[in-house]
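J.: build me a model:
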Amino acid sequence: MQATHSHPAVHDHHAHAQPTGLMRWITTTNHKDIGTMYLWFSFTMFLVGGILALALRSELFQPGLQLVEPEVFNQLTTMHGVIMVFGAIMPAFVGFANWMIPLQIGAADMAFARMNNWSFWLLPPAALLLVISFFVPGGAAAGGWTLYPPLSVQMGPGMDLAIFALHILGASSIMGSINIVTTILNMRAPGMTLMKMPLFCWTWLITAYLLIAVMPVLAGAITMILTDRHFDTHFFNAAGGGDPVLFQHVFWFFGHPEVYIMILPAFGIVSEIIPAFARKPLFGYTSMVYATSSIAILSFIVWAHHMFTVGMPATAQLFFMYATMLIAVPTGVKVFNWVATMWKGSMTFETPMLFACGFIFVFTMGGFTGLILAITPIDIQLHDTYFVVAHFHYVLVAGSLFALFAGVYYWLPKWTGHMYNETLGKAHFWLSVIFFNITFFVQHFLGLAGMPRRVPDYALQFADFNMISTIGAFGFGITQLLFLYIVVSCIRGGEKAADKPWEGAQGLEWTVPSPAPHHTFETPPVVR
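T.: Numbering: from 1, shown residues only. Below is the predicted model of the structure:
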C-alpha cells in the first residue's frame, strides 16, 4: 500500500518544475487557464470583427462608393461574419464552459485536459489564416459568410485559406465538445444528478451534442467546394451535372443548428443570473431542460427556411414554415420561465441582471422578427434584405453577446477575486443597449423598404436610416472599449470581492441550485 503514496519531496520537486511566464500558458492543462485564454482570444477576434463591421458601416454612411471597391466591401462582409461567428461568439462560450462546468458539477478539471489545451491552440493559427486571406492575390473570400457557390468556386486563393481556417476551427469545436460531454456525463460530484445540474451545464451538454452532429457536415460542404475549385469535381456546377442549391441544403443543415449553438449557452447563462438577482429558484427547471432539448432536436428540421426563394415545392415550403413556427414554442417557454422567475422576486439590478433583462427584451424582439421571416410569402419578399440582417443581429448581438457580457460581470468576482466598477458596468450596459438599437432597429425599416444585403451602394431613399445605423455602430463599437477598461482594471485590482458578492443568491452562490435542493451535499438526505 505504501507504494501508492509518493514521498512529499517528490511533490515538492514537481511543484518547482511548473513552467512560468509564456510557457505556462502554452503548456497549461488547467481548465481555468484555458477558459481565460478562450475568453481573451474571443474578445480579440470580437474587436477584429468589429473593425471590419465599422469599415462596412463607414462605406454605407451615405450613398455612392466612398472608401472601398465593391469587391473589398464583399470581402469585409464575409470576413466580418466568419470571424464573429467562429472567432468571437463560439470561443467565448467555450471559455465559459471551461471555466464554469468543472466548478458547477464538482469536477477537478475537464475530462481530457491535454486535448483541451490542443483545442484552444488550434484557434490562433485559424484566426491568422482568416486575417492573412486579405493579403493574398484576389483578397479574402467574398461570397458572404455562407460561402455560396458559384461565387466561392470562382474566387481567388483567399477562399482556400478561409476553408482551411474553417476546418481547423471545426476540429477545435469538435474536440471541445467531446471534452464537455465526457466531463458532464462522467465527472459529476456524488449527489449531483443530471436534473440537479445548473442550467448552464445542461445548455452546454446539449450544445456540445449539436456541435458534434453538425460540424462534420460543414466540413463536408466546404471540402466539396475545395474539390470543385481544384480537382474538377462538379458537386455545385450545373454545367457539370451538379447543383448549386445542393450546397445551400448541406450548408444550412449545419447552419441552422449552428445558430442555436450560439444561443443555447446564452440561455444557460441567463438562467443562472435571473434567479440570483431575483433571489428565488428558477421557475420551471424541468421544463427549461426539456425546452432546451426540443429546440436542439427541432433545429435539425428547419434548415430550408433560409432557402424559401430557391424554388422548392410548396409542400416543402409549408413543412419548413410550420416546423420553424413550432420551434418558437420551447423558446417562448424559456422566456415565460425567466419572467416568472422575476415575478415577485426581491430583484436588484446590478450589471449582470441589467444585461440579462436587456437580453430577454431584445432577444424576444429578434425572436419575433424570426417568426415573421418564417412565414414563406413574407420571407420571399424580405429574403436577402436588411430586415434579415436586423433579425439575426438582434438574436446574435443582443442575444449571444449581451448574455456573454452578463456572464462576464456575474462571474468576474469569482474569476479575479476583485469587484468590477459597478457604475462603469451600468454605463456599459446602457450605452450598449441604446447604441445597439440605434444601429439595428432602423435596419428593419430599410429591409421592409427593399434595401438588399451585401451592397456597397444604395438608392437615395435609404440614406437617412443608413446614416443613423452607422452612427449607432460607431457608438456601439467605442462602448466596447469601456468594457475592456472595466475588465482590465478589475483584473489588476479594485475592491476585493466578498465570499458571496451577490448576497442572498440561494445559498450555493456560483451555481444557483434549481430546483431548490432537498438537502445540502454535506449531510446525507433523510430516508423516509
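J.: surely residue 90 meets residue 263?
T.: No. Residue 90 is beyond contact range of residue 263, at 11.3 Å (criterion: C-beta atoms under 8 Å). All C-beta atoms are positioned from the backbone trio N, CA, C, and that covers glycine.
J.: of those two, give the one with the bigger neighbour count.
T.: residue 90 (26 against 23; other C-beta atoms under 10 Å).
J.: now do the contacts for the more buried one.
T.: For residue 90, the contact set (C-beta atoms under 8 Å, 6 or more residues apart in numbering) comprises 42, 169, 173, 261-262.
J.: for this protein, which spans come out with low pLDDT?
T.: Where the chain drops to pLDDT under 70, the residues are 1-16, 503-528.
J.: now the strands: where do they sit in it?
T.: For the chain, strands defined by DSSP state E do not occur.
J.: any idea which helix is longest in it?
T.: Ranked by residue count and defined by DSSP state H, the top helix of the chain is helix 199-230.
J.: out of the contacts of residue 90, which comes closest to residue 85?
T.: residue 262 (7.0 Å; C-beta to C-beta).
J.: now the closest one: how far from residue 24?
T.: Residue 262 is 31 Å from residue 24, where distance means C-beta to C-beta, to the nearest Å.
J.: how about residue 376?
T.: Distance from residue 376 to residue 24, by C-beta to C-beta: 55 Å.
J.: re earlier: looking at residue 262 and residue 24, which has the bigger crowd around it?
T.: The residue with more neighbours, out of residue 262 and residue 24, is residue 262; 24 against 12, by other C-beta under 10 Å.
J.: quick one, what contacts that one?
T.: Contacts of residue 262 (C-beta under 8 Å, 6+ apart): 85, 89-90, 93, 396, 399-400.
J.: just among the residues you listed, which is most surrounded?
T.: Most surrounded of the contacts of residue 262: other C-beta under 10 Å gives residue 93, at 29 neighbours.
J.: look up the closest residue to that one, ignoring the ones flanking it.
T.: Once flanking residues are discounted, residue 93 sits nearest to residue 265: 4.1 Å by C-beta to C-beta, 6 or more residues apart in numbering.
J.: now, which of the contacts of residue 90 sits nearest residue 125?
T.: Distances from residue 125 to these, taken by C-beta to C-beta, are shortest for residue 169, at 9.9 Å.
J.: the closest one: neighbour count?
T.: 25.
J.: who's in contact with it?
T.: Counting by C-beta under 8 Å, 6+ apart, residue 169 has contacts 86-87, 90, 122-123, 126.
J.: where do the helices sit along the stretch 201-350 of the chain?
T.: For the stretch 201-350 of the chain, the helices defined by DSSP state H, counting those that start in this stretch cover 244-261, 264-278, 285-298, 314-342.
J.: elements contacting the second one?
T.: Counting contacts by 3 or more C-beta pairs under 8 Å, 6 or more residues apart in numbering; DSSP states H and E, helix 264-278 is packed against helix 90-105, helix 199-230, helix 285-298, helix 314-342, helix 351-374, helix 402-416.
J.: which among the ones you listed is found nearest to residue 454?
T.: Of all the helices and strands packed on helix 264-278, it is helix 351-374 that lies closest to residue 454, at 17.1 Å by C-beta to C-beta.
J.: which elements pack onto that closest one?
T.: If you count contacts as 3+ C-beta pairs under 8 Å, 6+ apart, helix 351-374 packs onto helix 264-278, helix 314-342, helix 376-382, helix 386-395, helix 402-416, helix 422-448.
J.: got these as a markdown table, with mean neighbour count columns?
T.: Compiled in a markdown table, these are given as follows (neighbours: other C-beta atoms under 10 Å):
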| stretch | mean neighbour count |
| --- | --- |
| helix 264-278 | 27 |
| helix 314-342 | 17 |
| helix 376-382 | 16 |
| helix 386-395 | 23 |
| helix 402-416 | 24 |
| helix 422-448 | 19 |
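J.: adding distance to residue 457, write those out as TSV.
T.: Formatted as TSV, the helices and strands packed on helix 351-374 follow (distance: least, C-beta to C-beta, whole Å):
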stretch	distance to residue 457
helix 264-278	35
helix 314-342	32
helix 376-382	21
helix 386-395	14
helix 402-416	32
helix 422-448	14
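J.: so which of these gets nearest residue 501?
T.: Between the helices and strands packed on helix 351-374, helix 402-416 lies closest to residue 501; by C-beta to C-beta that is 4.2 Å.
J.: show me how far that closest one is from its chain's centre.
T.: With C-alpha atoms, centre = their mean, to the nearest Å as the basis, helix 402-416 stands 15 Å off its chain's centre.
J.: before we move on, what about stretch 365-384?
T.: Using C-alpha atoms, centre = their mean, the offset of stretch 365-384 from its chain centre is 22 Å.
J.: next one: residue 161 from residue 168, what distance?
T.: 11 Å.
J.: among the helices and strands packed on helix 351-374, which is nearest residue 28?
T.: Checking those against residue 28 by C-beta to C-beta gives helix 402-416 as the closest, at 15.3 Å.
J.: next, the angle from the closest one to helix 422-448.
T.: Helix 402-416 runs at 160 degrees relative to helix 422-448, counting by axes from the mean of the first three to the mean of the last three C-alpha atoms, to 10 degrees.
J.: when you give positions from now on, start the count at 58
T.: OK, 58 is where the count begins now, so the last one is helix 459-473.
J.: which other helices and strands contact helix 459-473?
T.: When contacts are defined as 3+ C-beta pairs under 8 Å, 6+ apart, helix 459-473 sits against helix 88-116, helix 147-162, helix 321-335, helix 408-431, helix 479-505, helix 520-549.
J.: make TSV from those and add distance to residue 347 to it.
T.: Conversion of the helices and strands packed on helix 459-473 to TSV gives the following (distance: least, C-beta to C-beta, whole Å):
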stretch	distance to residue 347
helix 88-116	28
helix 147-162	20
helix 321-335	13
helix 408-431	19
helix 479-505	31
helix 520-549	34
